[in-house]
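With the sequence up front, the predicted model follows.
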Amino acid sequence: MDILKVLSRGIKSNSKNKPQAAAAATQLPSAGALPRPQLFHDPVGTNPRGKKRKRRGHAQGDETDEAQEDEELSDVDYFAPKKPATNTAPAEAEEDAAPKKRKIKLLDEDECRQILRSHRLKFTILSGLPPAESGEPEEEGPASKTKKQKKDKKSDGDTQKKDEKGKKDDHKKQIFPQPLTSFAELRHTYDVSSQLAANISAQGFRVPTEVQMGSLPLLLRPSTALKKAKSVDIPGMDKGADFLAVAPTGSGKTITFLIPAIDGVLRRREAQGRDREEHVLEAVVVAPTRELASQIVNEGRKLAIRTGVRVVLMKKGLRLAAEEVKGGEKSKDEGEGSGSEASSSEDEGGGEEESEEEKEKAGKGGGARPLARVDILVTTPKILLNFLSGGKSGPRRVLPSVRSLILDEADVLLDPIFRKQTMGIWRACTHPDVGLTCWSATMASSIESLITKQLEKRSKRPGSTPRPLIRLVVGLKDTAVPNITHKLIYTATEPGKLLALRQLLHPVSSADSGPPLRPPFLVFTQTIERAQALHDELKYDIPLEAGGSARVAVLHSSLSDSARSKIMARFRGGEVWVLITTDVLARGVDFAGVNGVVNYDVPTSAAGYVHRAGRTGRAGREGGVAVTFYTKDDIPFVKSVANVIAASEKQAGKGEGEAVQKWLLDALPKVAKEDKRKLKVRGVESRRTGGRASITTKSSWERRREHNRLQAIEASKRRKRQQQKEEAKGKKGEEVEWGGLDD
Ligand SMILES: Nc1ncnc2c1ncn2[C@@H]1O[C@H](COP(=O)(O)OP(=O)(O)OP(=O)(O)O)[C@@H](O)[C@H]1O
């Protein structure tokens, strides 16, 4: 069934448009074609491996190659999980991978530099360089400059000299490690286990994305990755580095942190001569929402097939092999969290409900339960911190066996909403060599400074080995997906927004060159109340023949765990076409076939926009659309969103002002820092207070009239009731009197 046909009420079929529409449909994310996942490939110099390449999306020249490549790309089902590249079972694939083990010649530093630049990968050492190399004052790291130092720097007259020096220092702090140019190198050059290599290959990934290209060599074998890097000598690098990656949404960061985590477990198991059945908790992955945590577990399990590595989701009542801290003080952080709907933390910032099943299990002698067999634990912050703090009466615990702490969506995990919980977990990872890796599509410099300072503090602890902190930025920092179309739509009033959304669903005018939105898509609102109200409004918009109200669903943090999982499964399965939600689904969640994102309510920060918009156009898929509505209430805040859109378009090489006209960008007011902060925490105030009432197609005049009508009906009913009462009383009185007569 053609979803579009069913949804496009009132449009006469136009045979002329058919081929065009069909062609457009095949380019949509939901068409399921395996994408070419690299976003950037600039023609910088010559390719050292001697192959001619072209920049994706701006290809010039060899069309036939591309056509051939297109043909090779097999179709995948709508929303279906990725098929293996071949039909080889993992075991067979292992055989394939094993005999190919051969060493590849490493690239020299210049060659690395060219490839990295062409893919817009920039590595910077944020801390850990000897003072002379880092260009920083000896006693302070880059993030810990005092206010006075900053002031002194500003007031220095010779700014040009300073700039030149700055550039030189910046250059010094850059590194050019080996890029991963194909997944086969993981086995050949970086020596990952044959089974892990086979599992990666079985996922059907053909080319590494930029973030994989840059991060995997450095995280897997830092000494190999930097063998040819002559320009910087980084002390402690042989122990590995702490790592911070800022890469576009949907660029495959999940497997980028999971592969080194699984590889680390396998290596240590081999080095320590441990049995496959012996599990030691070595890595903890923290993610802000349970949807994202479960997704990471699924990805991890696919990569860990037949390796014996157990990837487990943290649940209440799970007993981890932790060490009890005698006389340890309870952390003040326990149970803190805001639960603001305006941030993606709305989910886990508050408490977690214990399911009946879990309560029952816990009741049956929780203490006697065997230790969970876990190598890699995936968790939301609060649930793990609750375990570590020992609940109300238990002892405080630490996790000394953990060697790797991974913060997915690190900027939100270290934002004040989650900060204390995340820091509590970090403190509990007491191994002196514990490594930290942080991942997100957005990273405020305040968060970077926080990470740098914390790492500096930790490196001063007795027994700990100093490690450098390396940052990788892919493309421009903090910009939205460059491979999708952004639309900013103004409607004067709130009811106008609903009409505009309906028009996107059912374009009625022939002037529409086709609907910009094809299901499936996500609709984001600011609050749970508004998500529910919008759901009530839209649920009958899909004709019965097309599935009716079952096609529209709502998901937010007030729903039970099982209800949330069911809705996720129905959306992934293609049963739900329009999923209305809050920021709970804004980060990390991967629906490969989502064609569009509607910001029914403007996101409350630029980062919020990046993450929401990034739910479409995953893994480089083209054809996704992000539509953002704004009303006059949003005008003070829409500038940051407009700026992100403009930067994304620039990054994508599109003409100026395709989604946001220059005059609009100039005219939109700048927002004071304090207002930005407030907006991030609370959202647009009128939507908190107006909430549900403002989601309706009726104008305020109509609403007032309707209100008056209802009031009049209510008053008339009241009067009638009153009259009936009085009549009844009267009757009673009469009856009494009559009773008297009866006597
Ligand atoms: N090399 C690759 N080739 C093709 N697809 C890939 C590749 N690597 C990852 N993917 C797929 O890309 C999609 C997005 O990956 P992932 O969810 O890890 O993105 P992300 O960078 O974490 O995004 P976000 O910032 O939104 O959390 C997933 O479906 C994943 O399976």
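All right, it came through fine.

that's a strand at Val554, yeah?
Yes. Residue state for Val554 (DSSP: H, G, I helix; E, B strand; the rest coil) corresponds to a strand.

That one: neighbouring residues, count only.
Residues near Val554, counting by other Cβ atoms under 10 Å, number 24. Heads up, the C-betas are built off the backbone N, CA and C, glycines and all.

per-residue confidence for it?
If you check Val554, the pLDDT there is 97.

right, and it touches Ala531 too?
Yes. Contact status for Val554 versus Ala531: in contact at 5.3 Å, counting by Cβ atoms under 8 Å.

shared neighbours of those two, anything?
Common neighbours of Val554 and Ala531, using Cβ atoms under 8 Å, 6 or more residues apart in numbering, are Ile580, Thr581.

near the ligand, which residues of this protein?
Within the chain, the residues that sit near the ligand (Cβ under 6 Å from any ligand atom) are 35, 37, 82, 205, 207-209, 212, 249-255, 441, 588, 590, 592, 614, 618-619.

Taking the stretch 301-450 of the chain, what residue is nearest to the ligand?
Going by Cβ to the nearest ligand atom, the ligand is nearest to Ala441 of the stretch 301-450 of the chain, at 4.3 Å.

Distance check, that residue against Val644.
As judged by Cβ to Cβ, to the nearest Å, Ala441 and Val644 stand 11 Å apart.

do the same with Ile451
In terms of Cβ to Cβ, Ile451 sits 23 Å off from Val644.

got any ranges where the stretch 251-400 of the chain has weak pLDDT?
327-368 (pLDDT under 70).

just the helices in it please.
Counting by DSSP state H, counting those that start in this stretch, the stretch 251-400 of the chain has helices at residues 253-271, 290-303, 356-363, 381-388.

Please convert those helices to JSON lines, extending it with mean neighbour count.
Compiled in JSON lines, the helices of the stretch 251-400 of the chain are given as follows (neighbours: other Cβ atoms under 10 Å):
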{"stretch": "helix 253-271", "mean neighbour count": "22"}
{"stretch": "helix 290-303", "mean neighbour count": "21"}
{"stretch": "helix 356-363", "mean neighbour count": "13"}
{"stretch": "helix 381-388", "mean neighbour count": "23"}
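
Serialize the ones you listed to a markdown table and add fields for distance to Lys632.
Compiled in a markdown table, the helices of the stretch 251-400 of the chain are given as follows (distance: least, Cβ to Cβ, whole Å):
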| stretch | distance to Lys632 |
| --- | --- |
| helix 253-271 | 37 |
| helix 290-303 | 34 |
| helix 356-363 | 47 |
| helix 381-388 | 37 |
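
so which of these gets nearest Thr181?
Checking the helices of the stretch 251-400 of the chain against Thr181 by Cβ to Cβ gives helix 253-271 as the closest, at 15.2 Å.

Buried ones among the residues of the chain next to the ligand?
In the residues of the chain next to the ligand, burial by neighbour count holds for 35, 37, 205, 208-209, 212, 249-255, 441, 588, 590, 592, 614, 618-619, counting by 16 or more other Cβ atoms under 10 Å.

what does stretch 714-734 rub up against?
By Cβ under 8 Å, 6+ apart, stretch 714-734 touches no other residue.

Quick one: mean pLDDT over that stretch.
Mean predicted confidence for stretch 714-734 is 78.

Just the CA atoms of it, as CSV, please.
C-alpha atoms of stretch 714-734 as CSV (Å, rounded to 0.1, in the frame of the first residue of the first chain):
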residue,chain,number,x,y,z
GLU,A,714,-23.5,23.9,31.8
ALA,A,715,-25.4,26.8,33.3
SER,A,716,-28.7,25.7,31.7
LYS,A,717,-28.1,22.1,33.0
ARG,A,718,-27.4,23.6,36.4
ARG,A,719,-30.6,25.6,36.3
LYS,A,720,-32.6,22.6,35.2
ARG,A,721,-31.1,20.5,38.0
GLN,A,722,-31.9,23.2,40.5
GLN,A,723,-35.4,23.5,39.1
GLN,A,724,-35.9,19.8,39.3
LYS,A,725,-34.6,19.8,42.9
GLU,A,726,-37.0,22.6,43.8
GLU,A,727,-39.9,20.9,42.1
ALA,A,728,-39.0,17.7,43.9
LYS,A,729,-38.9,19.6,47.2
GLY,A,730,-42.2,21.2,46.3
LYS,A,731,-43.6,17.8,45.5
LYS,A,732,-42.3,16.4,48.8
GLY,A,733,-44.0,19.3,50.6
GLU,A,734,-47.1,18.7,48.7
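
Figure out which of the helices of the stretch 251-400 of the chain is closest to Pro636.
Distance to Pro636, taken as Cβ to Cβ, is lowest for helix 290-303 among those, at 30.9 Å.

how much space between the closest residue to Leu476 other than its chain neighbours and Asn483?
Once flanking residues are discounted, Leu476 sits nearest to Gln651: 5.4 Å by Cβ to Cβ, 6 or more residues apart in numbering. Gln651 sits 10 Å away from Asn483, going by Cβ to Cβ.

With neighbour numbers in mind, choose between those two.
For Gln651 versus Asn483, the count of surrounding residues by other Cβ under 10 Å is larger for Asn483: 25 against 19.

Name all residues that make contact with that one.
Asn483 neighbours (Cβ under 8 Å, 6+ apart): Leu39, Gly57, Gly617, Gly620, Arg621, Glu622, Gly624, Ala652.
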